[in-house]
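Student: Just to be clear, the model below is a prediction. Sequence and coordinates:
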Amino acid sequence: MSMFSICEEVRDALAAGLGVVALETTLVAHGFPGEEGLAVALESERQVRSAGAVPATVGVLSGHVVVGLSPSQLQRFAGATGAAKVGPRDVAHCVASGEMGATTVGGTLAVCAASGIHFMGTGGIGGVHRGFAKTLDISADLRQIARTPALVVASGAKSLLDVDATAEMLETLGVPVLGWRTRTLPRFYTSLGGPPVSAVVEGADEVAATAELHWQLSGSAGLVLAQPPPRDLDVDALLVEALSVVAARGVKGQAVTPAVLAYLHDASGGETISLNKELIAANARLAGEVAVAHARLRSAGQEENASQDHPRL
C-alpha cells in the first residue's frame, strides 16, 4: 500500500506535464495565530491557479502523505493544536504512527522528490541559525534543497537566521540562488542588506530555462529563486529582542521559529503578519508562473524532438 495519496487534479496535471506547485503546511498549522493560516493557504493556492498552474499543498493525515489537500483537510490543519512539525527525517514515522503532520520546506521537498513535483512556493527557507558554531543548529531545509530537483521560490531565509552563513552554505552545497530582479538575497521582511545572489534573473522563461539546464547538469540538485518582499519592514531591533526573550524561556530546536515569529507579530502590532501574508502569496504566484513557463519549455522540446524523429518528406 502506497504511503502517498495524490489528489486527482494533481495526478492528472503531472501526467499531462502541466505546471504543479507544492505548498507546505507548517505555515497553516504553526505560522499564524488562530486559523489565519487557512486563509493564507487558500490565497496561496488561488495565486498558483491565477498563474495557470495547479497547487499541491502537502501534509500527513491518517497514515498517508496527502499531495493536494482539500479545503476541508486544510481546515483540519488550521484548527489543529498538536500537528507535528514534519521535516525530511520525520515523514516516514509520521505516516507509520498515523499522526497529523504539517510539512516544513524540507519535508515538502522530500515529498516533491518522491512525487515528481519540481516547483515550490513558500515564505522563507530555513538555514543556518545564529550562534550555529556552538549549537550546530542548521535547518534540514538546506540539505533537502541540495538533493531535490526542484526550484523553491522564497523571500530569502527566515529573518531570525544568520543570512550570510546561510548563503555560504547554499554555495557550498552547489545550490544556485537566483535573484528575482535583485542582486542581493532578501532578508524575509526586507530586501536590503543581504549577501549577493549567484545570478540575477528578469523573467519566468529565463528562470525556467536555467532550472532545466541545471537539472540536466546536476540531476538532483535544487535551486532557490529569491523574490524581495512586496515592501520593506525594519524589524532588526525587534528581532534581537525576540531572540533574547525566546532564549531566556529555554525554547530550542524546531520550536524557536514559531516562538520568534509569534513575538514579532505581537510586538509589531500585526505588521509582520500582514507582510508575511503578502510575501507568501507573491511567492506562490511567481512559483506558478515559473512552473507554467517550464511546462511550456518542456512541451516545446518534446515537439522539436518529435519533428526530428519524424521529418517531413
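Tutor: Structure received. Numbering: from 1, shown residues only.
Student: helix/strand/coil for Gly179?
Tutor: strand (DSSP: H, G, I helix; E, B strand; the rest coil).
Student: Point out where the stretch 201-313 of the chain drops to low pLDDT.
Tutor: 303-304, 306-307, 309-313 (pLDDT under 70).
Student: All the helices of it, residue numbers only.
Tutor: Using DSSP state H, counting those that start in this stretch, the helices found in the stretch 201-313 of the chain span residues 204-218, 236-248, 256-267, 271-309.
Student: Mind checking those helices for the one nearest to Ala96?
Tutor: Ranking the helices of the stretch 201-313 of the chain by proximity to Ala96 (Cβ to Cβ) places helix 256-267 first, at 24.8 Å. From N, CA and C alone the C-beta is placed, and that goes for glycine too.
Student: By residue count, what's the longest strand in the chain?
Tutor: strand 54-61 (DSSP state E).
Student: Direction included, what does that strand pair against?
Tutor: Strand 54-61 has its sheet partners listed here by DSSP bridges as strand 20-23 (parallel), strand 64-67 (antiparallel), strand 101-103 (antiparallel).
Student: Dump the helices of the stretch 201-313 of the chain into JSON lines; add distance to Thr182 as well.
Tutor: Shown next, in JSON lines, are the helices of the stretch 201-313 of the chain (distance: least, Cβ to Cβ, whole Å):
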{"stretch": "helix 204-218", "distance to Thr182": "13"}
{"stretch": "helix 236-248", "distance to Thr182": "19"}
{"stretch": "helix 256-267", "distance to Thr182": "23"}
{"stretch": "helix 271-309", "distance to Thr182": "12"}
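Student: Let's have those helices in JSON lines, adding mean neighbour count and distance to Gly121.
Tutor: What follows is the helices of the stretch 201-313 of the chain, written out as JSON lines (neighbours: other Cβ atoms under 10 Å; distance: least, Cβ to Cβ, whole Å):
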{"stretch": "helix 204-218", "mean neighbour count": "17", "distance to Gly121": "13"}
{"stretch": "helix 236-248", "mean neighbour count": "15", "distance to Gly121": "24"}
{"stretch": "helix 256-267", "mean neighbour count": "19", "distance to Gly121": "18"}
{"stretch": "helix 271-309", "mean neighbour count": "19", "distance to Gly121": "3"}
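Student: Looking at those, spot the one closest to Ala102.
Tutor: helix 256-267 (10.7 Å).
Student: ok, residues contacting the closest one?
Tutor: 30-31, 33, 126, 129, 158-160, 235, 238-239, 241-243, 245-246, 249, 251, 272-273, 276 (Cβ atoms under 8 Å, 6 or more residues apart in numbering).
Student: And stretch 95-105, by the same measure?
Tutor: For stretch 95-105, using Cβ under 8 Å, 6+ apart, the contacting residues are 3, 24-26, 28-30, 58-65, 76-77, 80, 82-87, 90-91, 94, 107, 111, 120, 122, 125-126, 140-141, 144-145, 152, 154.
Student: Can you select the buried ones from those residues in ChimeraX?
Tutor: Typed into ChimeraX, the line below selects the buried ones among the contacts of stretch 95-105, using 16 or more other Cβ atoms under 10 Å:
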select :24,25,26,28,29,30,58,59,60,61,64,65,76,77,80,83,84,85,86,87,90,91,94,107,111,120,122,125,126,140,141,144,145,152,154
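Student: out of the contacts of stretch 95-105, which are inside strands?
Tutor: Those of the contacts of stretch 95-105 lying in strands (DSSP E): Val58, Gly59, Val60, Leu61, His64, Val65, Ala84, Lys85, Val86, Met120, Val152, Ala154.
Student: surely Val40 meets Val28?
Tutor: Yes - shown here, Val40 and Val28 form a contact pair, counting by Cβ atoms under 8 Å, at 7.0 Å.
Student: From Ala287, how far out is the residue nearest the centre of the chain?
Tutor: Residue closest to the mean C-alpha point of the chain, counted by Cα atoms, centre = their mean, is Thr122 at 3.5 Å. Separation of Thr122 from Ala287 (Cβ to Cβ, to the nearest Å): 9 Å.
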